[in-house]
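In: Give me a 3D structure for the following:
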Amino acid sequence: MDQGDFSRLSESMTEFVQSRTKLTVGPLHRPPILSKTQLGLILVLLLISAPFVAKKIFSGETFLHDPKIWLSGAVFVYFFSVSVAMHNIIRKMPMFLLDRNNPNTLIFFYQGSGMQLGAEGFTVGSLYTIVGLLLAFVTHLLVYVKNSKTKRGAMLFAIIVSFWAVQKVVFLDNWKTGYWIRG
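Out: All right, here's what the predicted structure looks like:
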């Protein structure tokens, strides 16, 4: 059988058997995913739970009303965007490669601007996300702190970590492309 025929398993197998043996194969019987009893049980459970679900929705107690869920979703979308994950998925980029010189080692960063591995994107995305979360911390949470020494310490920490993360991203870009930024 052709490798492409495995996508339609039962139909391609019956065609294969019919073409090789000249026998007729009866019609394929495909039972439904859910039986009538299961569908009835699901319908009864939905009808029983509908008032309770409606009460939760109207009182605003669902997980969609929780700001932490929305914050987590926003951070995930931000990370997914800056890590070039969609590009890696569409182009089917591998996370890493085997080293040709030493098959026991893995290459996570590919030098040269012609190709990017998945690990590179996730690393840069993580560094960008760290900077973004520190900026959100400084602008949204640190303003409520009363102690000035604590504010200064947190600001110094945020600046040092952000500087380190940006420095690593710039270094990785310089290493990949060969273009160096000079001050």
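
In: tell me the contacts of the most centrally placed residue in the chain?
Out: Geometric centre of the chain, nearest residue: residue 80, 6.0 Å, by CA atoms, centre = their mean. Neighbouring residues of residue 80 by CB atoms under 8 Å, 6 or more residues apart in numbering: 86, 125. Every residue, glycine included, has its C-beta placed from N, CA and C.

In: Mind listing what's buried along the helix of greatest length in the chain?
Out: Ranked by number of residues, the top helix in the chain under DSSP state H is helix 148-177. For helix 148-177, the neighbour count (16 or more other CB atoms under 10 Å) marks 154, 158, 162, 165, 169, 176 as buried.

In: and the last one, what is it in contact with?
Out: This means residue 176. When contacts are counted by CB under 8 Å, 6+ apart, residue 176 touches 109-113, 116, 120.

In: Next step: those restricted to strands.
Out: Here DSSP state E is the test, and the contacts of residue 176 give no hits in strands at all.

In: what's the most distant pair in these?
Out: 109 and 113 (12.4 Å; CB to CB).

In: more crowded one of these two?
Out: Higher neighbour count among residue 109 and residue 113: residue 109, with 14 against 11, using other CB atoms under 10 Å.

In: number of nearby residues for residue 24?
Out: By other CB under 10 Å, 8 other residues sit near residue 24.

In: quick one: it is in a helix?
Out: No - counting by DSSP: H, G, I helix; E, B strand; the rest coil, residue 24 is not part of a helix but coil.

In: quick one, what contacts it?
Out: Neighbouring residues of residue 24 by CB under 8 Å, 6+ apart: residue 18.

In: Next: residue 158.
Out: Contacts of residue 158 by CB under 8 Å, 6+ apart are 134-135, 137-138.

In: Which of the residues you listed fall within helices?
Out: 134-135.

In: Farthest-apart pair in the contacts of residue 158, please.
Out: Checking the contacts of residue 158 with CB to CB, the most distant pair is 135 and 137, at 7.2 Å.
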